[in-house]
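Novice: quick one: sequence plus predicted model below, questions after.
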Amino acid sequence: MDVSVVVPVYNEEGTVQELAKRVLAVFEQQKLDGEIIFVNDGSTDSTTALCDAMAAQSPAITHIHFHRNKGKAAGLQAGFDAAKGASVITMDGDLQDDPNEIPALLAKLKEGWDVVSGWKKKRHDPITKRWPSKLFNWAARVMSGIKIHDFNCGLKAYRSEVVKSIKLYGEMHRWIPVLAKVEGFKTTEIVVTHHPRTSGVSKYGFSRTFKGFFDFMTIFFLSRFTLRPMHFFGFFGLLAAVAGTVVEIMVLIYKYAYGEPFQSHLAMLILGVLLIVLGVQLFSIGLIGEMIVYQSKKKTL
């Protein structure tokens, strides 16, 4: 099979049929052997019935239905697990992503790239959604070193090896390029058309930004220190231990150079001890991490 199109949907009764029609039309025009996988994330409207009907009518359409809302990452992971195509396209189910971009995405993959991300250069979203996204993308570029403009774009293309090599959970769907980089895959981007929403409502909210911060910290560690945890924990452990030692030396100077009793600087004395203990703990965590990495690599040899 040439391509699998994975579409997570949640309460998109106004768009799923039209989206399927357009994707199938692209398959026919480009003579692609393809499939559409709708992953229904616990919809409460008629999306479930519509997807069931389309799957019954067309062998090219598969409907995976969650009985409760699990989030986009879980939806994409289910689609990735079920995908049979040599290439995998992901797109949102609200028709803001254009199925006519599929040939351009596949052509970019054929140039040798592993991941092709869409760049919504001209976005049709409210400013309350655009500016947080700009800030997020800037931070993601700085942190990951991946020079793409739109990590959040749902329209992406992958070689099958990529989606079979990564595992998504939580809110990790927006970090797929970083997860792919950790596995050694290459990412590029192309400008894609972004249409105004014509049906339904955006699922974007403040909670998404809040959760994204913690995922940011997770990905920061995974992208930089997965194979060398001592570089992270050891650095901060050494910093804390040195700071604690300096504090203790200052207390000793006050005691023996100026004759001041320890009781006068009890808070500094305790702070120094705590910093030294913290430093030893962080260094130990880094050492344990290095041992775990060594053993895991040893098992794969």
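Specialist: Noted; the coordinates are in hand.
Novice: only C-alpha atoms from now on, for both contacts and neighbour counts.
Specialist: Fine.
Novice: what helix or strand is Asn40 located in?
Specialist: strand 34-41 (DSSP states H and E).
Novice: name every strand pairing with that strand and say which way it goes.
Specialist: strand 3-9 (parallel), strand 61-66 (parallel) (DSSP bridges).
Novice: quick one: contacts of it?
Specialist: 1-10, 20, 23, 27, 47-48, 51, 60-72, 75-76, 78-79, 82-83, 85 (CA atoms under 8 Å, 6 or more residues apart in numbering).
Novice: burial count for Leu50?
Specialist: 17 (other CA atoms under 10 Å).
Novice: tell me the helices and strands packed up against the helix or strand harbouring it.
Specialist: Here Leu50, judged by DSSP H and E, is contained in helix 47-57. The contact analysis (3 or more CA pairs under 8 Å, 6 or more residues apart in numbering; DSSP states H and E) places helix 47-57 against helix 16-30, strand 34-41, strand 61-66.
Novice: and of these, who's closest to Trp119?
Specialist: Of all the helices and strands packed on helix 47-57, helix 16-30 sits nearest to Trp119, with 19.6 Å by CA to CA.
Novice: follow-up on the earlier one: could you flag which of the contacts of strand 34-41 are buried?
Specialist: 3-10, 20, 23, 27, 47-48, 51, 60-66, 71-72, 75-76, 78-79, 83, 85 (16 or more other CA atoms under 10 Å).
Novice: skipping adjacent residues, who's closest to the residue most central in space within the chain in space?
Specialist: Residue closest to the average C-alpha location in the chain (CA atoms, centre = their mean): Trp175, at 2.0 Å. Residue nearest to Trp175 in three dimensions, not counting chain neighbours: Phe151, with 6.9 Å by CA to CA, 6 or more residues apart in numbering.
Novice: mind checking the SS state of that neighbour?
Specialist: Using DSSP: H, G, I helix; E, B strand; the rest coil, the three-state assignment for Phe151 comes out as coil.
Novice: contacting residues around it?
Specialist: Here Phe151 is in contact with 117, 137, 140, 174-175, 177 (CA under 8 Å, 6+ apart).
Novice: check the gap between it and Thr188 for me.
Specialist: 11 Å (CA to CA, to the nearest Å).
Novice: what do the two both touch?
Specialist: Ser117.
Novice: quick check: which element contains Ile190?
Specialist: Going by DSSP H and E, Ile190 is part of strand 187-191.
Novice: in its sheet, what does that strand sit against?
Specialist: As assigned by DSSP bridges, strand 187-191 forms pairs with strand 115-119 (parallel).
Novice: what comes into contact with the partner strand?
Specialist: By CA under 8 Å, 6+ apart, strand 115-119 touches 105, 108-109, 148-151, 153-159, 162, 177, 180, 185-192.
Novice: downstream of it, the next helix or strand is which one?
Specialist: helix 127-144.
Novice: who are the packing partners of that following helix?
Specialist: helix 206-225.
Novice: below-threshold pLDDT in the stretch 201-301 of the chain: ranges please.
Specialist: Within the stretch 201-301 of the chain, the stretches with pLDDT under 70 are 201-214, 222-223, 297-301.
Novice: that older thread, for the strand holding Ile190, what is the distance to the chain centroid?
Specialist: With CA atoms, centre = their mean, to the nearest Å as the basis, strand 187-191 stands 16 Å off its chain's centre.
Novice: so what's the residue lying closest to Phe235 once chain neighbours are set aside up against?
Specialist: Spatial nearest neighbour of Phe235, chain neighbours left out: Phe283 (8.0 Å); criterion: CA to CA, 6+ apart. For Phe283, the residues meeting the contact criterion (CA under 8 Å, 6+ apart) are 230, 233-238.
Novice: greatest separation within the residues you listed: which pair is it?
Specialist: Between any two of the contacts of Phe283 (CA to CA), the greatest distance is 10.6 Å, for Met230 and Leu238.
Novice: the two: who's more crowded?
Specialist: Between Met230 and Leu238, Met230 has the larger neighbour count (other CA under 10 Å), namely 22 against 18.
Novice: doesn't that one lie inside a helix?
Specialist: Yes. Counting by three-state DSSP, Met230 is found in a helix.
Novice: helix/strand/coil for the residue lying closest to it once chain neighbours are set aside?
Specialist: The shortest distance from Met230 to any non-neighbouring residue, by CA to CA, 6+ apart, is to Gly286 (4.1 Å). With three-state DSSP as the basis, Gly286 sits in helix.
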